[in-house]
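Participant: pasting the sequence and the predicted coordinates here, then a few questions.
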Amino acid sequence: MTPETIAILAVGAALAGLVWQGQRGLRAEMRDLRAELTARMDRIESRMERMEGRLAELGDRVSRIEGMLHLHLGRNEEPAAPAE
C-alpha cells in the first residue's frame, strides 16, 4: 500500500467515525424529545379531561337553572291558541 492509499483510508475511517457519532447523538436527542413530547401530551390530555368534566358539570347546573326559570316564569304551560 502506498502512503496515499493509507492516508485516504485513514481519512475515510475518521469521517465514518464522525458520522457515526453524530448519528448516535441525533438518535439520543430524538429519544429525549419524544419522551418530552409524550409527557407534554399526557399533561394536555389530563387537563382536557378535567375541562370536559367541568363543562359537563356546568351544563348540568345550567339545565337546573333553566328548569327553575321555566317553572317560575310559566314557560312550561302550553301557549294559548291564537285569536281568530
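Facilitator: That came in fine, so what should we check first?

Participant: just the helices from the protein, written as ranges.
Facilitator: Secondary structure of the chain, counting by DSSP state H: helices at 3-73.

Participant: show me where it dips below the pLDDT cut-off.
Facilitator: Residues of the chain meeting the criterion pLDDT under 70: 74-81, 84.

Participant: can you tell me the centre-most residue of it?
Facilitator: By C-alpha atoms, centre = their mean, the chain has its centre lying nearest to M41, at 3.9 Å.

Participant: please report the distance of it from A28.
Facilitator: Separation of M41 from A28 (C-beta to C-beta, to the nearest Å) stands at 21 Å. Any C-beta I mention is one placed from the backbone N, CA and C, and that applies to glycine too.

Participant: H72 now?
Facilitator: Distance, H72 to A28, using C-beta to C-beta: 66 Å.

Participant: ok, now how distant is the residue nearest to the centre of the chain from E29?
Facilitator: As judged by C-beta to C-beta, M41 and E29 stand 18 Å apart.

Participant: again, but for V19
Facilitator: Applying C-beta to C-beta, the value for V19 to E29 is 16 Å.
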